[in-house]
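Sequence and computational prediction follow.
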Amino acid sequence: MGQHLHNPWRGRGLDGAGPLPLADASGVADLLQRCPAHAPTPLRPEPKLAARLGIAQLWLKDERARMGLGSFKALGAAHAIAREAAATGAGDLCTALQGRVYITASAGNHGLSVAAGARLFGARAVVYLAETVPEAFAKRLQDKGAEVARAGAHYEASMQAAAADAQAHGWTLLSDSSWPGYTELPLRVMEGYLQLAAEAATQIDQPPTHILLQAGVGGLAAAVAAHARMVWGEGPQIIVVEPEAAPALIDSIRAGLVVDTSGPASCMGRLDCKTPSMIALNGLARDADLFVTISEAEAISGADLLAEHGLPTTESGGAGVAAMLAGPGLPPDARALVILSEGPEDG
């Protein structure tokens, strides 16, 4: 395994950092009750995989079929759009956002969530992709009703293009990241992810001792960590896992502020984000105990191990398991909770 950093900000957070993630999932649950596609995803006890990893228990929160979109991201942007639709007070929510255009950049599943949410409530969706994103994914977005544009060689360049278009046309930028002056919508995106954390907390039969959370810009990790602290307090050790090629959070924690990082493209495409979300960094500085990075080979080994146990996913989706496999391992009496965040590319 690559870098290990024990969080020096744990329990207090960054000085004067600004907005923090939400922790209460009740508002999300209220909205989801109105969505016919919603159903809780399973929490899978995996004793054979736990034995292979040398720990007492392992639970996988399986997001591979969430709302038919194949990823936890189904809970994020669509939730933010649903909140805006409900706020209109329209009698027919299917047309509540007619005339609105939501624009974003995506390295993967966030774009699908924007497309699905926009279509549900009568809005348009425009999704910018980097030139490296496969054409098959562009087609999936188009099948969900999104208009797809290409810009730049990496995610950050496509986000800059989306932000410029939003400004030029008066469209709504809906990013899953956040930065100074842009926090309201990403906070609502992150709030949507609380649903999976709340489900896991009710499904699990005893508190975990360790929670491993993969991170790109950090929205999922920060939301789950905030809810875990609300439910289980200081007990679980929360470990954030990033690619060596995109150490955005670990470098920012070391610096004590948001920093831009650089590196080659990663096979963990959903986690290949070189700049963290400001809100996510603030929350993880307070709530996470340890930040680690994993190599490309370690990520592939993790995904291969999950496939061997009948749990196919991507290198991004299995990053938490990959971190345990890479070592140093957790103690033998560990009870670990991990997010299986997405299905395989061909799933």
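The structure has been received and is ready for your questions. Numbers count the residues shown, from 1 in each chain.

Which parts of the chain are strands?
Using DSSP state E, the strands of the chain run over 4-6, 43-45, 57-62, 101-105, 124-129, 147-150, 172-173, 210-214, 237-243, 290-294, 335-340.

Just send the ones you listed back as CSV, with distance to C94, mean neighbour count and mean pLDDT too.
No exception for glycine: its C-beta is placed from N, CA and C like everyone else's. Output for those, formatted as CSV (distance: least, CB to CB, whole Å; neighbours: other CB atoms under 10 Å; pLDDT from 0 to 100):
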stretch, distance to C94, mean neighbour count, mean pLDDT
strand 4-6, 47, 13, 97
strand 43-45, 32, 16, 98
strand 57-62, 30, 23, 98
strand 101-105, 16, 26, 96
strand 124-129, 14, 24, 96
strand 147-150, 20, 16, 94
strand 172-173, 18, 18, 97
strand 210-214, 34, 27, 98
strand 237-243, 39, 26, 98
strand 290-294, 43, 23, 98
strand 335-340, 31, 26, 98
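
mind listing the helices in the stretch 101-250 of the chain by residue range?
Secondary structure of the stretch 101-250 of the chain (DSSP state H, counting those that start in this stretch): helices located at 109-120, 135-143, 155-169, 184-203, 219-232, 248-255.

low-scoring stretches of the protein, by residue?
1, 346-347 (pLDDT under 70).

circling back to that earlier point, switch the strands of the chain over to CSV; also include distance to A82.
Putting these into CSV (distance: least, CB to CB, whole Å) gives the following:
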stretch, distance to A82
strand 4-6, 37
strand 43-45, 24
strand 57-62, 22
strand 101-105, 12
strand 124-129, 14
strand 147-150, 21
strand 172-173, 14
strand 210-214, 24
strand 237-243, 28
strand 290-294, 32
strand 335-340, 22
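
Can you tell me which of the ones you listed is nearest to G256?
Among the strands of the chain, the nearest to G256 by CB to CB is strand 4-6 (12.0 Å).

Could you list every helix and strand in contact with that closest one?
helix 248-255, strand 290-294 (3 or more CB pairs under 8 Å, 6 or more residues apart in numbering; DSSP states H and E).

separation between H309 and A50?
Plainly put, H309 is 10 Å away from A50 if you go by CB to CB, to the nearest Å.

Ok, A78 next?
Taken as CB to CB, the span from A78 to A50 is 33 Å.

still on that earlier bit, as TSV, the helices of the stretch 101-250 of the chain with distance to R83 and mean neighbour count would be great.
Formatted as TSV, the helices of the stretch 101-250 of the chain follow (distance: least, CB to CB, whole Å; neighbours: other CB atoms under 10 Å):
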stretch	distance to R83	mean neighbour count
helix 109-120	10	26
helix 135-143	22	15
helix 155-169	19	17
helix 184-203	6	23
helix 219-232	15	26
helix 248-255	26	23
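
follow-up on the earlier one: which one's more surrounded, H309 and A50?
More neighbours surround A50 than the other of H309 and A50, with 19 against 14 (other CB atoms under 10 Å).
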